[in-house]
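Visitor: Show me how the following folds:
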Amino acid sequence: MHDRTWVMVAESSRARLFRRRGAGLEELEDFAHPASRAHARDIVTDKPGRGFASGGARHAMDPAHDPHQIEAQTFARQIIERLEAGRVGAEFERLVLIAPPQFLGHLRHAMPAALVATITATVDKNLVHADAREILACLEPP
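Guide: Numbers count the residues shown, from 1 in each chain. This next block holds a predicted model:
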């Protein structure tokens with residue numbers, strides 16, 4: 001028997017979805033987003049624009065946005081789409097989010113209000129490579 005709690009453990013390039021089952025966790029899905037780990041030159045297809053400095057020297061212009069952050073935001077939206085589908089399908093009632101602070105911000109930014117209402121706890125750590133026992137230890141009160 002399982003309770004109606006999902007635990008999403010995520011970072012910018014990988015996420016794991018668990019369901020509480022008794023005193024443990026059962027892994028439901030594993031998501032990967034390798035583009036978040038790619039070199040910026042492999043993510044951006046165009047060369048940077050050229051500019052002129054004082055004295056006529058030319059230089060490459062920095063991109064307006066960090067390609068890794070854009071990929072992290074894209075992955076966060078994909079995770080939220082899955083969580084929202086689970087909420088709409090009544091697959092869970094309570095949600096726990098575990099992610100590093102910056103990625104937790106991306107997730108929160110992408111969430112609809114109805115999904116936010118299901119969150120019972122957040123943990124700002126990167127536990128995506130941890131085993132279920134370590135993840136559960138972060139959820140238990142000290």
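
Visitor: Now name the helix or strand holding the residue lying closest to residue 112 once chain neighbours are set aside.
Guide: For residue 112, ignoring the flanking residues on the chain, the nearest one in space by Cβ to Cβ, 6 or more residues apart in numbering is residue 84 at 6.3 Å. Where you see a C-beta, it was placed from the backbone N, CA and C, and this is true even at glycine. Applying DSSP states H and E as the criterion places residue 84 in helix 67-88.

Visitor: Same question for residue 25.
Guide: Using DSSP H and E, residue 25 sits in strand 24-32.

Visitor: coming back round to it: by how many degrees do the helix holding residue 84 and strand 24-32 diverge?
Guide: 130 degrees (axes from the mean of the first three to the mean of the last three Cα atoms, to 10 degrees).

Visitor: buried stuff in the strand holding residue 25?
Guide: Neighbour-count burial for strand 24-32, counted by 16 or more other Cβ atoms under 10 Å, picks out 25, 28, 31.

Visitor: Closest one to residue 91 out of those, please.
Guide: Residue 91 lies nearest to residue 28 out of the buried residues of strand 24-32, by Cβ to Cβ, at 9.0 Å.
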